[in-house]
Structures are given as C-alpha cells and as structure tokens.
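> Below: sequence and its predicted model.
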Amino acid sequence: MARYSGEENRLVWFIDEVGIWSVNPYRRCSFRCVYCIAVSQGEATPWYPVNQVVSELNKALEHIPSTTELFIGAMADAYPPVEEQLGITRVILKEISRQERPFCINTKSTLVCRDIDILQAYTGHCDVYISLCTLDEDAVRVLEPGAPSVAERLDAIGILNDAGIDVNVDASPWIPSVSDAGGLIAALPEGVGIQFGPLDIRHFGEPARLLGRTLTQQEVNEAYMAERQRIGDQPGIHWKGAPQMLDQ
C-alpha cells in the first residue's frame, strides 16, 4: 500500500509495507523485471518535466521532516535509459543534496555513475545500492530484460567504490538455483557491502513459475535460510527476513 505526500503529488510516496518515503522521478520502469513487486513495468516517463520537478518536489517535501531518509526510486528505477537525455533524477538529487536531506539510491543502472560529482560533494548521509541478484548473464536477460548486464553493473560498482562513494549491492530477490550468495560476495571489491532478501512470490499467486521452475513461498524461504546458514553472518553482509516471517 502506498500513499502520496500532499494532495495527489505522485512524485513522493510513502510505502506503508516497508515504512519508507520514496521519491519517484518516473512513473514506470523500463527494466521490466519479471519479479517486480511494485508492478510498475512499462515505458519510463517523468511525473513532471525538468523545469517543474523541483517546485513539485518541494511541495511534497513540506510534509516530510528534513531528517527523514528519502529512498530514490523504490517504485520505479530512477535511472531508466531516458534519464540520460532528460536529467530529471539529476535535478532531484541536486535539490535534495542542497537541502542536506539524507537519502539512498537503489538502481540497476550504470547511469548513476554520471552523478558521482553530486554524490562526492554531498556531506550528509547517502547510500547507493546497485541491484544485482545473480552473476548469471543468461538469467538476467530473462529476469531483467531492460536492465544493464551483470558485467556492466559490476563495473559501475567498482567505479563508485573507487570514487569514494558508499556503494553496496542489493542482492534481492535471492532466487533458488539462480542466486549464488557466495559467488556474489566474492565478485565485489573489498569494502562493498551486500544485502540479501528472498524472492517474494505473493503477487504471483502460488505456486509461481520462474525460469522453468515452479516455486512456493515456503520452498523459497527454506532455500534462502539454508543459504544464509551456509554463508553465515559476516561483516558487511545483511540478510533480510523472508516474506512469511514479516507477516508473523
């Protein structure tokens, strides 16, 4: 369940289920991930044109304390290919940084590297998460058909890390027989953290069919917990709860 900030200002949403404020520069996500729980796949078009987005952003932020962390792009990736021409997200980042509001970015796009200058100049709290759930390029082409390749995302992680940006990997969803937690951890530069979260199939209906395999949520959760036990708790690794656990 999501609700808007202010009167029908769809640029900023509160997502009740996870308790975060999300700034959404675009109304749809061009990456078209088949497992998307936001159900926002489609052509990425901005909510507001670049010359209007700052005023609309500030109207929405009037309702949100300045110390509240803002999540950039929770409902739809903030860096679709069209962002390279439009620069909507870049303008938003500049304004949020100017106000010294804490924020985090979660994206599958390498375009976030374009905004390293903003991220380096910002002195407040900022985290960047690159979403990558598997090292299997063939699986990525099926699961995330519009997103950059595994190799491209790994390169972006290295660039951000070398630039001194606090970059982490969001390895969600973790998918049985597709996601290899140990392999993902080993592929990351030293000092880059990673968080895992299991595939949530509640919006598919049960059982779900993915990459030719039929799965129930219980099967996903059990495999996920076995993977967590195999890898163990280590510094820089965060394991999020499984969907049925969150309901208890």
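Happy to help now that I have it.

> How much space separates residue 138 from residue 194?
As judged by CB to CB, to the nearest Å, residue 138 and residue 194 stand 22 Å apart. In short, each C-beta sits where N, CA and C put it, glycine included.

> more neighbours, the two?
Taking other CB atoms under 10 Å, residue 138 and residue 194 do not tie; residue 194 has more neighbours (21 against 10).

> Which pLDDT value belongs to the residue nearest to the spatial centre of the chain?
In the chain, the centroid-proximal residue (CA atoms, centre = their mean) is residue 106; its distance is 3.2 Å. We have a pLDDT of 96 for residue 106.

> So residue 77 sits against residue 109, correct?
Yes: if you go by CB atoms under 8 Å, residue 77 and residue 109 touch, sitting 6.3 Å apart.

> quick revisit: and what about the residue nearest to the centre of the chain, helix, strand or coil?
strand (DSSP: H, G, I helix; E, B strand; the rest coil).

> and it, how far is that from residue 112?
In terms of CB to CB, residue 106 sits 10 Å off from residue 112.

> do residue 67 as well
Residue 67 is 24 Å from residue 112, by CB to CB.

> Helices of this structure, start to end?
Secondary structure of the chain (DSSP state H): helices located at 53-61, 83-86, 88-98, 116-121, 137-143, 150-162, 181-187, 217-231, 243-246.

> just the ones you listed: most buried one?
Of all the helices of the chain, helix 88-98 carries the top mean neighbour count, a mean of 20, counting by mean count of other CB atoms under 10 Å.

> out of residue 67 and residue 112, which sits in the more crowded spot?
Each of residue 67 and residue 112 has its neighbours counted (other CB under 10 Å); residue 112 has more, 28 against 9.

> domain parsing for this structure?
1-130, 132-248 (automatic domain parsing).

> show me where pLDDT drops low in the chain?
Scanning the chain for pLDDT under 70 picks out 1-9, 39, 242-248.

> Quick one: distance of stretch 121-133 to the chain centre.
Distance of stretch 121-133 from its chain centroid, counting by CA atoms, centre = their mean, to the nearest Å, is 10 Å.

> Any idea how far apart the tips of that stretch sit?
From the first residue to the last, stretch 121-133 extends over 30 Å; the measure is CA to CA, to the nearest Å.

> residues making contact with that stretch?
For stretch 121-133, contacts defined as CB atoms under 8 Å, 6 or more residues apart in numbering pick out 69, 97, 100-108, 112, 119, 143, 150, 153-154, 156-157, 160, 165-175, 178-179, 184, 195.

> Kindly recompute the last result at 6 Å.
Applying CB atoms under 6 Å, 6 or more residues apart in numbering, the set of residues contacting stretch 121-133 from outside is 97, 100, 102-106, 108, 153, 157, 165-171, 173, 179.

> which among those residues end up buried?
Applying 16 or more other CB atoms under 10 Å to the contacts of stretch 121-133, the neighbour count classes 97, 103-106, 108, 153, 157, 165-171, 173, 179 as buried.

> Leaving out chain neighbours, which residue sits closest to residue 103?
residue 70 (4.4 Å; CB to CB, 6 or more residues apart in numbering).

> ok, the one you found to residue 25 distance?
Distance from residue 70 to residue 25, by CB to CB: 12 Å.

> Neighbour count: the two, which is higher?
Applying other CB under 10 Å to residue 70 and residue 25 shows that residue 25 carries more neighbours, namely 28 against 21.

> Quick check: that one vs residue 49, distance?
11 Å.
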